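Participant: Model the following, please.
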Amino acid sequence: MRIKKLFGLVVAVLASIAPVGASAQRSGAKRPPNTVIARSDVRDLPADQQIIQALNRLTFGAKPGDILKVRAIGLDNWIDQQLHPEKINDDPMNSFIANYSALNQNQNDLLAQYAEQQRARQQMRRERAGADSSAMTAADSMALRQQMQQRNNLTRQVVTQLQSSRVARAVASERQLQEVMTDFWENHFNVYAQKGGPEPYYLTDFDQNVIRPRALGKFRDLLEGVAQSPAMLFYLDNARSMADSTQPTLRGPNKVPRVRPVPFGRAGIGAIMGTMRAANEMQRQQQQQQQQRQRQGLNENYGRELLELHTLGVDGGYTQQDVINVARAFTGWTIKPPAQGGGFVFRPQVHDAGEKVLLGHKLAAGRGMEDAEDVLDILAKSPATAHFISFKLARRFVSDSPPKALVDHAAQVYLRTDGDIREVLRSIITSPEFFSQQAFRSKVKSPFEVVVSAMRALNAAPDSSPRTAQVIAYLGQPIFGHQAPNGWPETGESWMNTGAILNRINFGLAVAAERLPGVDIRALPALDTIRSTAREKQVDAVISAILNGMVSPDTRAVLLSGDHPMLASGAPGGIQNMAPAETAGTEMSAEQMVGGGNGRDTPRARPNQTQAGGGNRAALQGRGFGNIPPLSGLPQIVGLALGSPEFQRH
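Facilitator: Have a look, this model is predicted:
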């Protein structure tokens, strides 16, 4: 009965998030988008709880001493600093990132290596196909395996270093709000690392040069940066989207030149034949391009996701014809071959130059890149986009069910500031709803947030190895590992199931056993001098240092006794291997994150989000943190605190 009672309590505490503002959502007539709504500036929370709320939501968790620092400079001043990351000195983090060799290697060089490996493989296969298999099989197979191993090693290095750098920045960067927003946008504009081909090499540019520097800028600029990103163009197949054969295209650089007749007496038959051969060759190339368009044609993947996931939202008022016309507008937005650097390029010869209509706006015929640029303008300025982006930001920072009044106000700010993300975010994180009792510690942490906040709470050094990123994957959220374009779940109930809860408890104990790189409990301020004191004093110190002094009676009882009935081990505070749990079948395991791709096409089908968070069964069995002996004393208390319902929320 006790186990059942405690499990019910944990589930209720973690999964039952107050629907803040539900009554506001049910009532009230619709207002014109530019109507000014009177706003209160009253904050429900006491001053210190306001600081805790801000540190919980605008950072990946408080580090020792952060509350005192914020209190010293003033909460609103600290918020303003975080909203301007360019003014925050982050040299130590920059120096740390400089040690990642693959991330600091020129992308053109990486893609050139990839292209050379692809060329060598293709050459090997051609030679093998045309040779006597009995004479060449052994040698060719060995050479082919070596080529594949080199490619996989390079891919693994790029992916693991990118994942590790994401975690390291979240743990140690002084520009915490920028990192939180980078995490938000990289989930909003989700890209799957194992799409196949050169995708991993594009992701570094996507993270460092597309998302992070635009995370607090104008949404229109961010939208265009993503639209021109090779990572997104490849992931959603726009790189191979061409005008249908029934549509006109622009006359590009590969057009067939007009052949002027050459007088026989001036040039002779050789010149005439040479001109004819050149014309025939150009005509042959044009026919090949036409045949390629007929084979591939228009791809609607990016057009659909741009409307549904990136801008207007599923209820944004668009039609299937709008999806088609957006896809037509983006034909020709593609990628240079890897051997040429793999950057964005517009190819007019495959662009649909016909007239298009999007949401009542007519795009005239005969234009090129202007079609897609106008589409981005229309979508970025749409009130539906203002509401959708404001809702998602309010859901991330305030509540899984954000108050309608707050979303409406943020949408007004979006329209008034021409989509200024910084100002929209400011309106949300300085609002009375943000500092309300209903919002305080109401959100369940994702696996990424659980791991990073634990490292920050223990003042851990950033980890340059793949280990910490692998732990996040074991908990169910591999970085760049969500296959469908809708990204990871953004509400708490999606992360909670039996296996996920048990894994989080075991994770806390493993961290306290210092099985995570960079963790040293003995050096933790406020805990470094109490290792030999009475257990009750140790519990009070841990509650103060890690849980901000606020726990339920049930959690305090577990910390005092060291007996957690949800753990399978009979020893007090014992730890088992990470337990297998349900997870969506289309997600990546930790092993797959460093393996090869799984095909070119991105499925439209979305995974079952209600099972997210449990980790992959094969990845969790026998891996996790290995066999850790039972903990006791202060490490046990710290581990149980990290696995408590209070720490799992923020």
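Participant: so R57 sits right up against S431, yeah?
Facilitator: No. Using C-beta atoms under 8 Å, R57 is not in contact with S431, being 11.8 Å away. Where C-beta positions appear, they are placed from N, C-alpha and C, glycine not excepted.
Participant: and for these two, which residues touch both?
Facilitator: V398 (C-beta atoms under 8 Å, 6 or more residues apart in numbering).
Participant: With neighbour numbers in mind, choose between those two.
Facilitator: S431 (24 against 21; other C-beta atoms under 10 Å).
Participant: what's the helix or strand for the closest residue in space to the more buried one that isn't next to it in sequence?
Facilitator: With sequence-adjacent residues excluded and distances taken as C-beta to C-beta, 6 or more residues apart in numbering, S431 is closest to L406, at 5.7 Å. Assessed by DSSP states H and E, L406 sits inside helix 404-416.
Participant: Could you give me the buried positions within that helix?
Facilitator: 404-416 (16 or more other C-beta atoms under 10 Å).
Participant: Now the two most distant members of those.
Facilitator: K404 and R416 (18.4 Å; C-beta to C-beta).
Participant: what stretches of the stretch 1-150 of the chain score poorly on pLDDT?
Facilitator: Applying pLDDT under 70 to the stretch 1-150 of the chain flags the ranges 1-38, 124-148, 150.
Participant: gap between the closest residue to S465 other than its chain neighbours and V424?
Facilitator: Distances taken as C-beta to C-beta, 6+ apart place P517 nearest to S465, at 5.9 Å, with adjacent residues excluded. Distance, P517 to V424, using C-beta to C-beta, to the nearest Å: 37 Å.
Participant: More neighbours: which of those two?
Facilitator: When neighbours are counted by other C-beta under 10 Å, P517 and V424 differ, and V424 comes out ahead with 26 against 16.
Participant: wait, is the more buried one part of a strand?
Facilitator: No. Membership of V424 in a strand is not supported by DSSP: H, G, I helix; E, B strand; the rest coil, which gives helix.
Participant: Could you report the pLDDT at it?
Facilitator: We have a pLDDT of 98 for V424.
Participant: Let me see the contact set for it.
Facilitator: By C-beta under 8 Å, 6+ apart, the neighbours of V424 are I389, S390, L393, A410, V413, Y414, T417.
Participant: Okay, H564 and Q208: tell me how far apart.
Facilitator: Distance from H564 to Q208, by C-beta to C-beta: 41 Å.
Participant: From the contact counts, what lies against the strand or helix carrying A641?
Facilitator: If you go by DSSP H and E, A641 is part of helix 633-642. The contact analysis (3 or more C-beta pairs under 8 Å, 6 or more residues apart in numbering; DSSP states H and E) places helix 633-642 against helix 498-512, helix 535-546, helix 553-561.
Participant: where does the protein dip in pLDDT?
Facilitator: Ranges of the chain meeting pLDDT under 70: 1-38, 124-148, 150-151, 252-296, 568-626.
Participant: same thing but at 80, please
Facilitator: 1-40, 107, 117-154, 251-296, 565, 567-629 (pLDDT under 80).
Participant: With mean neighbour count and distance to R240 added, can I get the helices and strands packed on helix 633-642 in JSON lines?
Facilitator: Listed next are the helices and strands packed on helix 633-642 as JSON lines, based on neighbours: other C-beta atoms under 10 Å; distance: least, C-beta to C-beta, whole Å:
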{"stretch": "helix 498-512", "mean neighbour count": "25", "distance to R240": "38"}
{"stretch": "helix 535-546", "mean neighbour count": "19", "distance to R240": "50"}
{"stretch": "helix 553-561", "mean neighbour count": "17", "distance to R240": "54"}
